[in-house]
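S.K.: output the structure for:
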Amino acid sequence: MDADSVLEILAALERGGVAVWLDGGWGVYALLGEETRAHGDLDVILAAPDTAELRDALRGLGFATKAGGSATSFVLADASGREVDVHAIEFDARGYGSFALPDGGRWPFPPSAFAGRGTVKGRAVRCLSAEAQVQCHGQGYAPTEKDLSDMERLQERFGVVLPLALCRR
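M.R.: Purely as a prediction, here's the structure:
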């Protein structure tokens, strides 16, 4: 997934009236304002009621839902192999988000998690905040070298505190 593809996807979503926040690798790159490594997909977060509109907007670019997933977590792919990993969040009236986990639990997001702003090739984009990126990367799986490197960059730039799971030992 290159920067031009990210911008093409974001433009289609914007035309479809779908607001998203970049998460994962592209969310980190947006916060940093630079692409530090190649990335295989685009992770996005959106309000759960907007999933149908997201699917419609990306269908116009040739994306279809891959097998598996759930109503709140699914992958769309096109014929060239581009993938968009979608995470739908329920928001309450105060702006707190909650993501349904496969085990029935809920992953909470404070309103500040959605205050991240960054750029992709100079275009302003919304993304998860540096703090939220660290929280998402620090739980649920063993971080890879690329994860550790990305989190260190966020720490250097934004001063976020890394949990032990994201510190080199």
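
S.K.: strands along this structure, start to end?
M.R.: 21-23, 42-47, 64-65, 73-77, 83-91, 97-100, 106-109, 116-120, 123-127 (DSSP state E).

S.K.: export those strands as TSV, with columns for distance to residue 160 and mean pLDDT.
M.R.: To be clear about C-beta, it is placed using only N, CA and C from the backbone, and glycine gets the same treatment. Formatted as TSV, these follow (distance: least, CB to CB, whole Å; pLDDT from 0 to 100):
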stretch	distance to residue 160	mean pLDDT
strand 21-23	15	96
strand 42-47	18	97
strand 64-65	34	96
strand 73-77	25	96
strand 83-91	21	97
strand 97-100	19	91
strand 106-109	16	89
strand 116-120	11	97
strand 123-127	14	97
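
S.K.: where's residue 65 relative to residue 53, distance?
M.R.: Residue 65 is 14 Å from residue 53, where distance means CB to CB, to the nearest Å.

S.K.: relative to residue 60, how far out is the residue positioned nearest the centre of the chain?
M.R.: Per CA atoms, centre = their mean, the C-alpha nearest to the average position across the chain is that of residue 23, at 1.9 Å. Applying CB to CB, the value for residue 23 to residue 60 is 22 Å.

S.K.: kindly report the same for residue 7.
M.R.: Distance, residue 7 to residue 60, by CB to CB: 15 Å.

S.K.: pick the most deeply packed of the strands of the chain.
M.R.: strand 21-23 (a mean of 25; mean count of other CB atoms under 10 Å).

S.K.: circling back to that earlier point, roughly how far does the residue nearest to the centre of the chain sit from residue 88?
M.R.: For residue 23, the distance to residue 88 - CB to CB - is 12 Å.

S.K.: which neighbours do those two share?
M.R.: Counting by CB atoms under 8 Å, 6 or more residues apart in numbering, the common neighbours of residue 23 and residue 88 are residue 45.

S.K.: if we can go back for a sec, quick check: which of the strands of the chain is nearest to residue 11?
M.R.: Among these, the nearest to residue 11 by CB to CB is strand 123-127 (9.0 Å).

S.K.: which other helices and strands contact the closest one?
M.R.: helix 3-15, strand 21-23, helix 24-32, strand 116-120 (3 or more CB pairs under 8 Å, 6 or more residues apart in numbering; DSSP states H and E).

S.K.: mind putting those in TSV, distance to residue 70 included?
M.R.: As requested, those are exported to TSV (distance: least, CB to CB, whole Å):
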stretch	distance to residue 70
helix 3-15	20
strand 21-23	17
helix 24-32	18
strand 116-120	25
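
S.K.: which one, of these, ends up nearest to residue 82?
M.R.: Nearest to residue 82, of all those, is helix 3-15, at 5.5 Å by CB to CB.
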